[in-house]
Each structure stands twice: as C-alpha cells, then as structure tokens.
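# Sequence and predicted structure, then a few things I'm wondering about:
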Amino acid sequence: MSITLTDQDKNTLRTAAYGAVSLMAATGTPHKAATNASIALTSATGLVGHVLDARSKDIELNGKTAAALADQVLPALTAAVVLLERQDPAEADNFRNTVLVAIDAAAQPHQGQPNPATAEMARKISAALNVARVAVADSGDVPAAAGPDRPELQQALEEIVDSGITGITLRVHDERGEWVGSAGVSELGETAEPPTDGHVRIGSNTKMFTGALVLQLVAESTIGLDTPVTDYLPEFGLDKRTTVRMLLQHTSGIFNFTGEYYDDGTFVPGIPATTAGKAWVDNRFKTYEPEDLVRLALSKPARFEPGAGWSYSNTNYVLARLLIEKVTGRAVAQEMQRLILGPLGLTGTVAPTTQTEVPEPHAHAYYRYEDGGQEKIVDVTRHNPSWISSGGDMISTTRDLHTFISALMSGKLLPAELLAEMRTPCPTPIPNMGYGLGVFVQDTGPGGTVVTHNGGAAGHAAMMFSTPDGTKTLTATLNYVDDAALSLAAPFHKATQRLVNEVFCGGQADPAQPTC
C-alpha cells in the first residue's frame with residue numbers, strides 16, 4: 001500500500017517517538033536506559049525507520065517538566081498512530097511496536113528498584129498508542145474499498161456547482177458506509193476538481209470546536225458554566241449578569257464585532273470584515289488582537305440585556321477564547337491540541353490564529369470587489385484570519401470534521417450531562433432551528449433531529465451535520481467567489497438543504513421548499 005507523509009506528518013512521528021523517550025527520562029530513567037531507548041527507535045524498519053532515523057530534524061519538544069512534555073507528547077503519539085493507520089495499518093503497527101520496545105527499554109528497573117513515576121508514564125504512553133488505534137477503528141476512518149454508488153449525491157454536488165459555487169467536496173458516513181465525492185474545480189481557470197480531503201477554512205464551524213473546548217474545561221472544573229464571565233475577565237467591565245453559558249449560547253446580547261444586522265434592515269458595521277469590499281481586501285493581512293475586537297464590540301450598544309434574547313455574535317466566541325487562555329495560561333491552539341486535536345488524531349486541523357497559509361492540498365478561495373468602478377476578483381486563500389478570530393478562524397478537512405463531530409456526539413469528548421447541555425437548544429428566529437452550546441439543533445421533519453454548524457470565511461466554507469448519536473454524518477467543504485453582498489449566501493443555503501434532504505431525509509423533501 002502506498003503511503004504519503006507530509007513534512008508536518010514526519011515531524012509529528014519524530015516528536016511522538018523521541019518525545020516518549022524524553023518523557024521517560026524526565027520521570028527518572030537513567031541515562032543509559034534512555035540511550036538504549038533511543039537506539040531502539042533507530043532500529044525501526046520501513047518508512048517509520050526512515051522517518052525516525054532523521055531524528056535531529058524538526059523535533060519540537062518545548063516542555064521543561066514531565067507534565068508540560070506530556071501535554072505535548074501524548075497527543076502527538078495519538079496523532080502519529082492515527083495518521084499511519086489511515087494510510088497503512090502495517091506501518092502503524094510498526095511505529096506502535098517500535099515505541100513500545102523503546103519504552104520498555106527505558107522502563108527497566110535501576111539497580112533492581114522500579115521507579116513508580118516511570119512506570120506510570122510508560123502506562124500513559126501505552127494507553128495513548130492504544131486509544132489511537134481504538135479511535136480510528138470506532139470512526140471507521142481506515143483505508144477501505146470504494147464506497148457505495150450514490151448517484152443522487154453526485155447529482156446534488158453537480159447542481160450546487162451549477163448554482164455558482166466554484167467547487168465542493170462531500171463525505172457521508174451512514175448505514176450504507178462511507179461515500180466521498182467532489183464536483184467543480186479547485187482553481188478558477190483550471191480543470192482539476194477540489195481535493196476530496198483538502199484543507200479549507202471552516203468559518204463558524206470553529207464555534208463547535210471552541211464550545212466543546214470550553215465544556216471540557218467545565219468538566220475539569222476549571223470553568224463554571226453559569227459563572228459570570230467578568231469573574232474570569234474583569235478587565236472588560238462586562239455586565240455581571242453575562243455568564244459563560246450565555247457566550248456559548250449567543251444569549252449575551254453583546255454586539256457582533258463583524259457588524260450587526262437589525263430587524264429594520266439597518267446594518268451597523270464593525271471591523272472591515274468580508275461585508276466591507278475593498279476595505280477587507282486591503283486589510284486582509286492585518287493582525288487584529290482579540291482584546292481589541294472585544295473592546296470594539298463593547299463600545300457599541302448591546303442588542304438586549306443578558307439572557308433576554310438570542311443574537312448570533314462572533315464576539316461571544318472571542319470572549320470564550322480569551323476565557324480559555326486566561327484560566328489555562330496557554331494559547332487556545334495549545335489547549336485545542338491537548339484536549340481535541342491530539343486525542344482524536346486530527347492532523348489536518350489547525351487553529352491558525354494569525355498564520356496566513358492554508359496547508360496543501362487545498363482548493364482556492366476568491367473574493368470579488370469593486371475598485372475605482374471596476375470589478376476585480378482576487379485569490380484570498382492566503383489571509384490573516386485574526387479578523388474573525390475564534391469566531392471562525394480554524395482550518396480542517398472533511399475527514400477530520402467527520403471524526404470530530406462523530407466523536408463529540410457519541411460522547412468521546414464530553415461527559416453525558418455536558419453533552420446533553422450542549423445539545424439542548426434555546427429558541428432562535430431561524431425556522432426549525434435552535435441553538436445549544438456551540439451547535440445548532442435542527443428539526444428536519446422526516447429526518448428527525450440533526451446537530452450542525454456551518455460556516456464560511458472569505459471564499460471557503462464547510463458544513464457539519466450529525467445525528468445526535470454520531471452514527472450518521474455529513475461533512476462538506478466548498479470554495480467559491482465571495483463578495484461584500486454575500487451573493488452566494490442563497491445558493492450556499494440551498495446547497496445545504498439539498499444535501500441534508502438527501503442524506504438525512506432520504507431525498508423526500510422538495511429542494512425548492514426544503515423541510516430539512
């Protein structure tokens with residue numbers, strides 16, 4: 001079986017393997033035993049051996065203590081096994097067994113006396129390797145034969161492209177197995193279709209990740225769900241009635257820093273977001289500090305008193321990011337890696353904060369605007385996502401989105417009581433749609449209930465849908481030509497409904513008047 005590892009993948013393998021040995025050393029392994037363990041790693045065969053032999057390159061081990069190293073290395077071990085398991089289970093076994101041999105060498109008793117700390121770390125390392133294998137098996141995310149023939153899904157993709165979307169990829173997991181397809185083009189003027197597991201900016205799908213992360217910290221008793229936000233972030237002078245729950249639920253009433261649309265049709269702008277045309281293009285590489293985005297929002301009148309209504313606001317999730325960073329003392333990307341990306345092996349998912357690049361492979365994103373009376377279209381795949389921050393800055397793939405939402409809904413990330421809280425919707429003005437804690441809960445009529453979040457970010461977009469138990473999922477990515485008028489919003493909505501009808505409602509609904 002052929003296998004392809006990116007430089008980032010190889011770095012993950014090296015960090016995981018040599019990090020495991022470093023962890024053992026940090027807990028008291030004698031120098032000779034640690035040396036023997038390192039030698040064991042270089043004895044690996046095949047592709048794994050080739051990668052580990054280049055141990056001096058790109059290894060990132062920044063932790064100074066065993067606890068800090070563990071936060072970095074244990075998720076890397078999980079990620080390493082998952083990325084190998086997806087492509088070549090034999091190489092995954094090779095990696096796992098090689099690390100176990102190295103750990104066994106490092107864990108040998110010194111002068112006949114076992115070290116309890118070393119033994120416990122060896123157990124954690126072994127558990128990380130085994131959890132990774134189980135996670136891949138449970139998700140069905142392993143190399144498989146071609147999926148079932150689903151012409152109705154391919155037809156839906158073609159219709160979406162015909163509506164004006166540049167390209168789309170789709171991944172469906174249901175009782176008929178896995179189906180993956182694409183339509184349209186990856187790049188304007190070219191003929192290649194979008195890569196079926198390419199990277200894309202997922203926009204407001206980020207909110208589901210951020211919401212899950214906050215709830216994990218609630219489970220750790222680091223954050224109180226009904227605690228006033230000002231208890232954690234007093235520097236902003238927030239209304240003392242505003243709780244953490246209200247941030248996640250969009251019931252805080254806080255102004256949306258990307259701009260507010262009011263019921264009378266007026267629009268009050270915030271920063272130069274993608275509704276700003278040339279102003280957004282000119283500022284697309286600017287770094288916006290999350291604190292400044294919050295202060296801008298708080299300088300505007302609130303839409304309503306805390307808890308008195310529902311209004312979607314990106315500011316809520318920037319505050320959630322600042323809350324995470326305040327209580328943990330770590331960047332949101334580090335906490336995301338520790339609690340979600342690492343344990344689930346989401347190697348294609350990034351919390352970039354200010355990084356401008358989208359990892360390869362990826363389809364291209366575009367933006368149309370007017371400059372001096374002339375219409376221009378520019379490739380905006382590269383831009384600084386700090387303008388949207390944790391309201392929508394993450395990058396992922398259809399495969400990782402499936403793994404994430406399936407794991408989340410099936411209870412692998414949250415205790416049952418917090419998962420129930422997350423999926424309990426409060427009313428919104430959107431027909432058949434309520435909002436929980438970082439998720440929409442949609443009544444699909446004939447299809448029952450689905451948990452979802454969609455999002456777009458300057459010519460890239462993604463969809464995530466799942467049954468409440470995580471057994472059936474739909475994940476999709478889109479690339480298109482965005483503009484200040486959001487002219488593709490209607491086709492995007494129609495695309496969403498068309499796919500949901502097919503997957504969750506058996507194609508029963510009329511796409512022109514969808515019930516899903």
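Cool, the structure landed.
# from what I can see Ala80 touches Lys10, true?
No. Assessed by CB atoms under 8 Å, Ala80 is found out of contact with Lys10, at 9.9 Å. C-beta coordinates here come from the backbone N, C-alpha and C atoms, glycine included.
# Those two: who's more crowded?
Using other CB atoms under 10 Å as the criterion, Ala80 and Lys10 rank with Ala80 on top: 31 against 18.
# Could you check which helix or strand contains the more buried one?
helix 66-87 (DSSP states H and E).
# Can you pull out the residues in contact with the next helix or strand after that helix?
Per DSSP H and E, helix 66-87 leads on to helix 89-106 as the next helix or strand towards the C-terminus. Residues from elsewhere that reach helix 89-106 (CB atoms under 8 Å, 6 or more residues apart in numbering): 1, 3, 13, 16-17, 20-21, 24-25, 29, 33-34, 36-41, 43-49, 52, 77, 80-81, 84-85, 118, 122, 125-126, 129, 133, 142-143.
# Quick check: buried residues in helix 89-106?
89, 91-92, 94-96, 98-103, 105-106 (16 or more other CB atoms under 10 Å).
# Name the nearest of those residues relative to Pro151.
For the buried residues of helix 89-106, the closest approach to Pro151 (CB to CB) belongs to Pro89, at 31.0 Å.
# what's the pLDDT at that closest one?
pLDDT recorded at Pro89 is 80.
# next one: Ala461
For Ala461, the predicted pLDDT is 94.
# element containing it?
strand 460-466.
# now that strand, how far from the centre of its chain.
11 Å (CA atoms, centre = their mean, to the nearest Å).
# strands paired with it, and their directions?
If you go by DSSP bridges, strand 460-466 pairs up with strand 449-456 (antiparallel), strand 473-479 (antiparallel).
# Comparing those by mean pLDDT, which bottoms out?
Among the strands paired with strand 460-466, strand 449-456 has the lowest mean pLDDT, at a mean of 92.
# ok, residues contacting it?
202-208, 392, 405, 409, 423, 436, 438-444, 461-468, 478, 482, 492, 496, 500, 504, 516.
# Could you give me the ChimeraX selection string for whichever of these are buried?
This is the ChimeraX syntax for the buried subset of the contacts of strand 449-456, where burial follows 16+ other CB under 10 Å:
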select :202,203,204,205,206,207,208,392,405,409,423,436,438,439,440,441,442,444,461,462,463,464,465,466,467,468,478,482,492,496,500,504,516
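# what about the stretch 201-350 of the chain, any weak spots by pLDDT?
Judged against pLDDT under 70, the stretch 201-350 of the chain has no low-scoring part.
# Helices of that one, residue ranges please.
Secondary structure of the stretch 201-350 of the chain (DSSP state H, counting those that start in this stretch): helices located at 206-219, 244-249, 278-282, 290-298, 314-328, 332-336, 342-344.
# list the contacts for Arg321?
Counting by CB under 8 Å, 6+ apart, Arg321 has contacts Thr210, Pro290, Val332, Ser389, Ser390.
# likewise Thr471?
Asp174, Ser406, Ser410.
# Could you find the lowest-pLDDT member of these?
Ranking the contacts of Thr471 by pLDDT, Asp174 lands last with 88.
# Look up how far Ala156 lies from that one.
14 Å (CB to CB, to the nearest Å).
# quick one: which of these two has more around it?
Ala156 (22 against 16).
# Verify the contact between that one and Val500 for me.
No. Counting by CB under 8 Å, Ala156 stays clear of Val500, with 10.0 Å between them.
# on that earlier part again, what comes up buried for the helix holding Ala80?
66, 69-87.
# Mind giving me the packing neighbours of it?
helix 7-26, helix 89-106, helix 116-139, helix 342-344 (3 or more CB pairs under 8 Å, 6 or more residues apart in numbering; DSSP states H and E).
# Quick one: mean pLDDT over the longest one.
Averaged over helix 116-139, pLDDT sits at 70.
# same check, this time on the first one
On average, the pLDDT along helix 7-26 is 83.
# Can you classify Arg368 as helix, strand or coil?
strand (DSSP: H, G, I helix; E, B strand; the rest coil).
# Quick check: the gap between the closest residue to it other than its chain neighbours and Leu213.
Excluding the flanking residues, the one nearest Arg368 by CB to CB, 6 or more residues apart in numbering is Asp483, at 4.2 Å. In this view, Asp483 and Leu213 are 32 Å apart by CB to CB.
# which of those two has more neighbours?
Per other CB under 10 Å, whichever of Asp483 and Leu213 has more neighbours is Leu213, with 25 against 19.
# Could you measure from the more buried one over to Glu325?
11 Å.
# Give me the common contacts of the two.
Counting by CB under 8 Å, 6+ apart, the shared contacts of Leu213 and Glu325 are Val332, Glu335.
# ranges for the strands of the stretch 401-516 of the chain?
Counting by DSSP state E, counting those that start in this stretch, the stretch 401-516 of the chain has strands at residues 426-427, 433-435, 440-443, 449-456, 460-466, 473-479, 481-483.
# meant to ask about the stretch 251-400 of the chain, not that
With DSSP E, counting those that start in this stretch as the criterion, the stretch 251-400 of the chain has strands spanning 260-261, 267-268, 366-371, 374-379, 395-396.
# list the helices and strands the last one packs on?
Where contact means 3+ CB pairs under 8 Å, 6+ apart, strand 395-396 is packed against strand 200-201.
# one more time with 10 Å, if that's ok
Strand 395-396 sits against strand 200-201, helix 206-219, helix 398-409, strand 460-466, with contacts defined as 3 or more CB pairs under 10 Å, 6 or more residues apart in numbering; DSSP states H and E.
# again with the second one
Where contact means 3+ CB pairs under 10 Å, 6+ apart, strand 267-268 is packed against strand 260-261.
# Need the phi and psi values for Gly181.
Per-residue torsions, Gly181: phi -150, psi 170 (degrees, to the nearest 10).
# okay but it is in contact with Leu153, surely?
Yes. At 6.1 Å, Gly181 counts as touching Leu153 under the criterion of CB atoms under 10 Å.
# Could you check which of those two is surrounded by more residues?
Neighbours were counted for Gly181 and for Leu153 using other CB under 10 Å; Leu153 has more, 22 against 19.
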